[in-house]
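Peer 1: Fold the following and give me the result.
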Amino acid sequence: MERRRNIAVVLAGGSGRRLGGDMPKQFLTIAGRRVVEYTIDVFERNAAINEVAVVVNPLYLSLMREIVESNRWTKVHQLLQGGEERYLSTLSAIEAYKGCGPCNLIFHDAVRPLVSDRVISDVVEALERHDAVGVAVPLTDTLFKMREHGDEVEAVPPRNLLRRAQTPQAFRYEVIAKAYGKALSDQDFVTTDDCSVVLRYMPEVSIHVVEGEESNIKLTYRDDITLIEQFLEKKKTTSND
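Peer 2: Just a heads-up that it's a prediction; the model follows:
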């Protein structure tokens, strides 16, 4: 049986409007490097990853190409064009690897630069037994489910059944391709992540969850920059000990 290739798809197509400024947040510089560089580095170094594809906004394709060349990464084989919506970036990767043989697609937000080698390895290992894999951490806060209109609480879901989703989200190619094939025929299709697409359109496929890490934060607001700097400094200090 032909061994599946593990392809990391780094999603760097977002505009990052919530952070403000002219540059999308994945290209911001933190502690001397761009955010996307930290992210790609982790996948480049992970022994279980065979190839990396980066999905990028067409306006920043030349910048991304310069970044790849300057880092001399050996696993970055493709730069793909993303769309205005996140799901269009996923579709770009699905199309790029159509007919390329057995593979897994491991989608990760470029603006989660602190994903660990352990999380990536656990996700890849889980794909040997499962068709779809997500990453999540337990909740520490109680959540309110609000009424659709107004500011009243409708329910308080049991916290032990809830998780905060992170990335990577990973799938056997044929599963994610089939799920999106069904989704695109639905005129009411709306999504914010890939696991929800599989859950909705291929409910027969169970989604296994790997334990994430609190450090695997998503750069969304300005305060997150300080958190990422702190984690990077801690990581640097630990590696020097």
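
Peer 1: The lengthiest strand in the chain pairs with which strands, and in what direction?
Peer 2: Across the chain, the longest stretch assigned as strand under DSSP state E is strand 163-172. On the basis of DSSP bridges, the sheet neighbours of strand 163-172 come out as strand 103-109 (antiparallel), strand 132-138 (antiparallel).

Peer 1: looking at the protein, which helix or strand is least sure?
Peer 2: Among the helices and strands of the chain, helix 222-240 carries the lowest confidence by mean pLDDT, DSSP states H and E, at a mean of 84.

Peer 1: Strands of the chain, start to end?
Peer 2: Taking DSSP E to define them, one finds strands in the chain at 5-12, 29-30, 33-34, 51-56, 76-81, 103-109, 132-138, 145-146, 153-155, 163-172, 207-211.

Peer 1: which other helices and strands contact the last one?
Peer 2: Spelled out, that is strand 207-211. Helices and strands touching strand 207-211, by 3 or more Cβ pairs under 8 Å, 6 or more residues apart in numbering; DSSP states H and E, are helix 117-126, strand 132-138, helix 194-201. Glycine gets a C-beta too; all of them are placed from N, C-alpha and C.

Peer 1: Adding mean pLDDT and distance to residue 47, write those out as a markdown table.
Peer 2: Listed next are these as a markdown table, based on pLDDT from 0 to 100; distance: least, Cβ to Cβ, whole Å:
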| stretch | mean pLDDT | distance to residue 47 |
| --- | --- | --- |
| helix 117-126 | 98 | 8 |
| strand 132-138 | 97 | 18 |
| helix 194-201 | 97 | 24 |
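
Peer 1: now the longest strand of the chain against strand 207-211, angle please.
Peer 2: For strand 163-172 against strand 207-211, the angle by axes from the mean of the first three to the mean of the last three Cα atoms, to 10 degrees is 120 degrees.

Peer 1: start at 26 instead
Peer 2: From this message on, residue numbering opens at 26, which makes the last subject strand 188-197.

Peer 1: Show me which positions of strand 188-197 end up buried.
Peer 2: Within strand 188-197, the residues scored as buried using 16 or more other Cβ atoms under 10 Å are 188, 191-197.

Peer 1: Closest to residue 97 out of those residues?
Peer 2: For those, the residue nearest residue 97 by Cβ to Cβ is residue 193; the value is 23.7 Å.

Peer 1: Let me see the contact set for the closest one.
Peer 2: Contacts for residue 193 (Cβ atoms under 8 Å, 6 or more residues apart in numbering) come out as 33, 131-133, 140, 144-145, 148, 158, 160.

Peer 1: low pLDDT regions in the protein?
Peer 2: The model of the chain has pLDDT under 70 over residues 26, 40-46, 264-266.

Peer 1: go with 90
Peer 2: For the chain, the stretches flagged by pLDDT under 90 are 26-28, 38-48, 108-111, 173-175, 216-217, 247, 256-266.

Peer 1: Can you show me the CA trace of the least confident helix or strand of the chain as PDB?
Peer 2: Extracted in PDB, the C-alpha atoms of helix 247-265 (Å, rounded to 0.1, in the frame of the first residue of the first chain):
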ATOM      1  CA  ARG A 247      -2.900  43.900  19.400                       C
ATOM      2  CA  ASP A 248      -2.700  42.500  22.900                       C
ATOM      3  CA  ASP A 249      -1.900  39.100  21.400                       C
ATOM      4  CA  ILE A 250       1.400  40.400  20.100                       C
ATOM      5  CA  THR A 251       2.600  40.800  23.700                       C
ATOM      6  CA  LEU A 252       1.500  37.300  24.600                       C
ATOM      7  CA  ILE A 253       3.300  35.900  21.600                       C
ATOM      8  CA  GLU A 254       6.500  37.800  22.500                       C
ATOM      9  CA  GLN A 255       6.300  36.400  26.000                       C
ATOM     10  CA  PHE A 256       5.900  32.800  24.800                       C
ATOM     11  CA  LEU A 257       8.700  33.200  22.300                       C
ATOM     12  CA  GLU A 258      11.100  34.600  25.000                       C
ATOM     13  CA  LYS A 259      10.100  31.700  27.300                       C
ATOM     14  CA  LYS A 260      10.700  29.200  24.500                       C
ATOM     15  CA  LYS A 261      14.100  30.800  23.700                       C
ATOM     16  CA  THR A 262      15.200  30.700  27.400                       C
ATOM     17  CA  THR A 263      14.100  27.100  27.700                       C
ATOM     18  CA  SER A 264      16.000  26.000  24.600                       C
ATOM     19  CA  ASN A 265      19.200  27.700  25.900                       C
END
